[in-house]
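K.L.:
Okay, structure incoming, though there's no sequence with it:
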């Protein structure tokens, strides 16, 4: 029932938020063992805007790849197909929401927090020696997209949810469940499934508030769970975990990290966030 409600909500809006064709094609090629570097390069090159953005991002100091990347073929060779999939997704996913109107969300603040979470997720993934850490960047970037879907389709109920969360002093995802049976994490996960993205992404989105419920990707889910709270600390200019949503003990246990990591991670994140903002959300950066 719960999954059905989320799926119905996402189906109602899916035409407005299609994943760019190049991302869909690249996903297919990565999962096809018979595809080649040439196939991947050709698929990417058909989208001039994505090609330009990809080369700009790949050559930025944010990624620090070992040599200059001046062609798509070279990008595929140096970066690798799996990391490239997530790099393209990060470069293109945000624009999929351009047609979504939201009267109950400050869209600039929403994407700033999402990108901050992405940057912190990437830093934590490196500390945890996670393979293909760019998928953690994408998971962090998209962890709250269910909010955008719900705010567009059921804005009045979203206002009720926010009010309930404030009055009852409970997390927003609990208020969403109280009012509507499902939360933004379920909605976001269903959207990523419709997009055909890997389970390693939509399971993380689904359980990012409760990593202990994850089955196959508990480490990745724990990283994004931690990153969400650490990013909020960064936005507040604090290192006091009492000021942000409670962190699940499972996340510390699974990652092998402790609160002692927060200060150094925030220091690195601050240095990287502005550059990431200019790369992935230039419109938000200018508006700021």
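P.N.:
Arrived safely. Everything quoted here is computed from the prediction, not taken from an experiment.
K.L.:
What residues sit buried inside the strand or helix carrying residue 77?
P.N.:
Taking DSSP states H and E as the definition, residue 77 sits inside helix 72-79. For helix 72-79, burial by neighbour count (16 or more other C-beta atoms under 10 Å) applies to 72-76, 79. C-beta coordinates here come from the backbone N, C-alpha and C atoms, glycine included.
K.L.:
I'd like the secondary structure assignment at residue 122, please.
P.N.:
Here residue 122 is recorded as helix under DSSP: H, G, I helix; E, B strand; the rest coil.
K.L.:
Now it. Nearest residue, chain neighbours left out?
P.N.:
Among residues not flanking residue 122 along the chain, residue 137 sits closest, at 4.4 Å (C-beta to C-beta, 6 or more residues apart in numbering).
K.L.:
Does that neighbour belong to a helix, a strand or coil?
P.N.:
helix.
K.L.:
I'd assumed residue 120 was in contact with it.
P.N.:
No - using C-beta atoms under 8 Å, residue 137 is not in contact with residue 120, being 9.6 Å away.
K.L.:
who has more neighbours, those two?
P.N.:
residue 120 (31 against 28; other C-beta atoms under 10 Å).
K.L.:
I'd like to know how far the spatially closest residue to the more buried one that is not a sequence neighbour sits from residue 8.
P.N.:
Spatially, and ignoring its direct neighbours in sequence, residue 120 is nearest to residue 227 (4.0 Å; C-beta to C-beta, 6+ apart). Residue 227 sits 30 Å away from residue 8, going by C-beta to C-beta, to the nearest Å.
K.L.:
can you check residue 262 too?
P.N.:
Going from residue 262 to residue 8 by C-beta to C-beta gives 39 Å.
K.L.:
Likewise for residue 160?
P.N.:
19 Å.
K.L.:
and what of residue 46?
P.N.:
Distance from residue 46 to residue 8, by C-beta to C-beta: 33 Å.
K.L.:
Over to residue 127?
P.N.:
Look at residue 127 and residue 8: by C-beta to C-beta, they are 39 Å apart.
K.L.:
go on, residue 142?
P.N.:
The gap separating residue 142 from residue 8 is 20 Å, by C-beta to C-beta.
K.L.:
list the helices and strands the helix holding residue 77 packs on?
P.N.:
Where contact means 3 or more C-beta pairs under 8 Å, 6 or more residues apart in numbering; DSSP states H and E, helix 72-79 is packed against helix 37-45, helix 48-58, helix 81-92.
K.L.:
Of those helices, flag the one that's most buried.
P.N.:
Most buried of the helices and strands packed on helix 72-79 by mean neighbour count (mean count of other C-beta atoms under 10 Å) is helix 81-92; its value is a mean of 23.
K.L.:
could the helices and strands packed on helix 72-79 be laid out in JSON lines, adding distance to residue 25 and mean pLDDT?
P.N.:
Output for those, formatted as JSON lines (distance: least, C-beta to C-beta, whole Å; pLDDT from 0 to 100):
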{"stretch": "helix 37-45", "distance to residue 25": "4", "mean pLDDT": "92"}
{"stretch": "helix 48-58", "distance to residue 25": "11", "mean pLDDT": "91"}
{"stretch": "helix 81-92", "distance to residue 25": "10", "mean pLDDT": "89"}
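K.L.:
Can you mark which positions in stretch 237-257 are buried?
P.N.:
In stretch 237-257, counting by 16+ other C-beta under 10 Å, buried: 244, 247-248, 250-252, 254-255, 257.
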